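Asks: Sharing a model prediction with you, sequence too.
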Amino acid sequence: KDISESNKSLHKDKELYYKEISKIFGEDGVKKSIIDSIIKPINHFISDNIKIMKMPFEVVLDDTFTACIKSMGEVIDPETLSTGETRRINICILVSYLKLIKTKKTINLLFLDEVFSSIDLSGIEDILILLKTFALDYNTTIFVVHHAIMNEENFDRILKINKDVFSSIEEIQFA
């Protein structure tokens, strides 16, 4: 009987301990606190990026990181966006994450592959403005891989990869 009482007391203590641990690590504990602390700056950065790219949308991430997209105050279904609009919004969100990371960690180099696909010329210019602003504000070198011919004045340097038996890199000189 004494052993049973002792075990019962021990199990009650463990049960209380596990309940407290569950509160801390559960949905309303540390996880929620961390998400709450980063979602506001991310949404601020997204808003800034949307303005830089002159897009007619308001994009806000909720605490599950799902984007709510509004146009003229009305919620719109992301499926109704063109491929280019979707890519531009995704780039705004990506750069927002990078800005948040840069507040805590040093990132000096960013590689972007085919970031301009499905984007019209004015959209490409807006993306370049956003990327240049980010690069200057956060002291980051950005390499953009693109397979189409673009205006060279949009870039600081252009490197051409010549593919043969062995690949070589050639810097294109501006005229």
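Replies: Noted; the coordinates are in hand. Numbering: from 1, shown residues only.
Asks: Can you show me the strands along this structure?
Replies: Shown for the chain, the strands assigned by DSSP state E span residues 58-61, 67-71, 74-76, 109-113, 141-145, 158-162, 168-172.
Asks: burial count for residue 57?
Replies: As a burial measure, residue 57 scores 18 neighbours (other C-beta atoms under 10 Å). Where C-beta positions appear, they are placed from N, C-alpha and C, glycine not excepted.
Asks: correct me, but it touches residue 50?
Replies: Yes. Counting by C-beta atoms under 8 Å, residue 50 is a contact partner of residue 57 at 6.0 Å.
Asks: Now for these two: what residues contact both?
Replies: residue 89 (C-beta atoms under 8 Å, 6 or more residues apart in numbering).
Asks: so what's residue 60 up against?
Replies: Applying C-beta under 8 Å, 6+ apart, we find residue 60 in contact with 43, 46, 67-68, 70.
Asks: of all the residues you listed, which comes closest to residue 129?
Replies: Of all these, residue 129 sits closest to residue 46, with 15.9 Å by C-beta to C-beta.
Asks: what residues are up against that closest one?
Replies: Taking C-beta under 8 Å, 6+ apart as the test, what residue 46 contacts is 59-61, 92-93, 96.
Asks: hmm, 7 Å instead?
Replies: With contacts defined as C-beta atoms under 7 Å, 6 or more residues apart in numbering, the neighbours of residue 46 are 59, 92-93, 96.
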